[in-house]
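Visitor: Sequence first, then the predicted structure, then my questions.
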Amino acid sequence: MLTGRLRYYYRTQGSRDWKPLTEYSDPENFQPLAIDATIDSLYALKPLNGRQALYRIKLIDPITTEMVASHPRVDIEDVTRAANGQRVTGYTFVTDQRETVYFDPEYKTLMGMLGKAIPSLPLIHIGGASQDGSKILIEASADNDPGRYFVFDKAHKTLAEVMLARPELEKRKLAEVRPVTVTSTDGTPVPAYLTLPIGKEAKNLPAVVLPHGGPSSRDEWGFDWLAQFLAARGYAVLQPNYRGSAGFGDAWLMENGFKSWRTSIGDITASAKWLASQGIADPSRIAIVGWSYGGYAALQSAIVEPSLFKAVVAIAPVTDLAMLKEESEGYTNREIVAAFVGSGHHIEEGSPLRSASQIKVPVLLVHGDMDQNVGVEESAKMNSALRSAGTPVQFLRYKDLDHQLDDTRRPQGDAHQHRHSA
């Protein structure tokens, strides 16, 4: 709990004695995913050639380990299980699109059948099963379909749609998402996803660069509500998997998006320039919108390239790296956070709050005052600093909401918004 380093133990079938499986190590060196009780085996991720590979560990004495899968470009991400959860059926990874390889014959056949039955919904996930296993719950989605739930009857081989993930969008045509490659300033190809508004030529559009949070997360092909929301309002939306993103191996992950912020932010600003160079975006109408680390990236990008973006939206952003470390004081993860954020010149140079006067375009800050990931004071202080510098800024401070801004209350006008200014 104090260091983030873990040691795993196991016991064999029928035994009550725990035996050491690993030494203490960082999570990226060993990540258990699932036990397959039918073969007394553990599936786990371990590093191989700078990427995460999948291994099968036989939990019998003596322990034996075999590699199941690796990929030359990306990390193996997870395993899939049978509907009852007892059996591991395959593994997944994400290149341009999520792919699943099934080594279980039954599920390989089943997914082949489902792929033919619902070809417009290629992202298929097993949600569960009836107690006897005769009926399976299927979730299927696509880039322009938020998802549908089906029940598959194994005995009768019938597939019945039972529910929509977002029924309000059922009659609305949604934008398609296209994988693209952005060339960063140092020539590095950066994978990204482009969402274009429906019915508009991809030329001189208003545009939004939408960097993901994390920073060690990633975007992937599929339905993204925020990208669709912006595209529905006429914006071209670009989501770069900048260096610092997860899933592409250790070299791409770097130290992390805070310690290596110049590289991460460089990839993000290069994404905006790419939109303009391709003629997709009107250079005078490009904004940047981000959540959490993405909000940090939005603010820091406007500091590094003051004339590139014409507006900035930062939702629950980190604004000061020293403050981020201070927020963990008194919690068991304080050493983990301190090590992740680090110390050195990047604390000063990589903190938007300390260079707020360099932002010259309008800024919208959004934060919940119950945020336990990033404290609301980070936005409050950024708001004050921007106002002191004469930068147009609006701060929406949401009462009783956390990092995700989830709210069960129905909004009534602006009554749910608590606007705050210094």
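Guide: Cool, the structure landed.

Visitor: Residues contacting the helix or strand harbouring Ser384, please?
Guide: Ser384 belongs to helix 377-388 when assigned by DSSP states H and E. For helix 377-388, contacts defined as Cβ atoms under 8 Å, 6 or more residues apart in numbering pick out 299, 314, 316-320, 323-324, 352-353, 356-357, 359, 363, 365-367, 393, 395, 397, 420-422. Every C-beta, even on glycine, is put in place using the N, C-alpha and C of the backbone.

Visitor: State the next helix or strand along the chain beyond that helix.
Guide: Immediately after helix 377-388, counting by DSSP H and E, sits strand 393-398.

Visitor: and that following strand, what's its mean pLDDT?
Guide: For strand 393-398, mean pLDDT rounds to 97.

Visitor: ok and the helix holding Ser384 relative to strand 393-398, angle-wise?
Guide: 150 degrees (axes from the mean of the first three to the mean of the last three Cα atoms, to 10 degrees).

Visitor: Quick check: buried residues in helix 377-388?
Guide: 377-386 (16 or more other Cβ atoms under 10 Å).

Visitor: now those as a markdown table including distance to Arg243 and pLDDT?
Guide: Shown next, in a markdown table, are the buried residues of helix 377-388 (distance: Cβ to Cβ, whole Å; pLDDT from 0 to 100):
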| residue | distance to Arg243 | pLDDT |
| --- | --- | --- |
| Glu377 | 29 | 97 |
| Glu378 | 24 | 97 |
| Ser379 | 26 | 98 |
| Ala380 | 31 | 97 |
| Lys381 | 28 | 97 |
| Met382 | 25 | 98 |
| Asn383 | 30 | 98 |
| Ser384 | 32 | 98 |
| Ala385 | 28 | 98 |
| Leu386 | 28 | 98 |
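
Visitor: Kindly present the residues you listed as TSV, with separate columns for distance to Pro119.
Guide: Formatted as TSV, the buried residues of helix 377-388 follow (distance: Cβ to Cβ, whole Å):
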residue	distance to Pro119
Glu377	50
Glu378	46
Ser379	45
Ala380	50
Lys381	51
Met382	47
Asn383	49
Ser384	54
Ala385	52
Leu386	49
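
Visitor: which residues in the protein form helices?
Guide: Here the chain has its helices, by DSSP state H, at 105-117, 225-231, 250-253, 261-277, 293-304, 321-326, 334-341, 345-349, 377-388.

Visitor: end-to-end on stretch 318-338?
Guide: This stretch, stretch 318-338, spans 14 Å end to end (Cα to Cα, to the nearest Å).

Visitor: if we can go back for a sec, got the CA positions of the helix holding Ser384 in PDB?
Guide: Output of helix 377-388 as PDB, limited to C-alpha atoms (Å, rounded to 0.1, in the frame of the first residue of the first chain):
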ATOM      1  CA  GLU A 377      -8.600  24.100  -5.600                       C
ATOM      2  CA  GLU A 378      -6.400  23.400  -8.600                       C
ATOM      3  CA  SER A 379      -9.100  25.000 -10.800                       C
ATOM      4  CA  ALA A 380      -9.900  27.700  -8.300                       C
ATOM      5  CA  LYS A 381      -6.300  28.900  -8.200                       C
ATOM      6  CA  MET A 382      -6.000  28.700 -12.000                       C
ATOM      7  CA  ASN A 383      -9.200  30.800 -12.300                       C
ATOM      8  CA  SER A 384      -7.700  33.400 -10.000                       C
ATOM      9  CA  ALA A 385      -4.400  33.400 -11.800                       C
ATOM     10  CA  LEU A 386      -6.000  33.800 -15.200                       C
ATOM     11  CA  ARG A 387      -8.200  36.600 -14.000                       C
ATOM     12  CA  SER A 388      -5.200  38.400 -12.500                       C
END
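
Visitor: got the angle for that helix vs helix 293-304?
Guide: 30 degrees.

Visitor: nearest to Asn49, of the helices of the chain?
Guide: Closest to Asn49 of the helices of the chain is helix 250-253 (Cβ to Cβ; 9.4 Å).

Visitor: right, and Met370 touches Leu405 too?
Guide: No. Applying Cβ atoms under 8 Å as the test, Met370 and Leu405 come out as separate, 10.0 Å apart.

Visitor: In terms of neighbours, single out the busier of the two.
Guide: Leu405 (16 against 13; other Cβ atoms under 10 Å).

Visitor: Quick check: that one vs Gly199, distance?
Guide: In this view, Leu405 and Gly199 are 30 Å apart by Cβ to Cβ, to the nearest Å.
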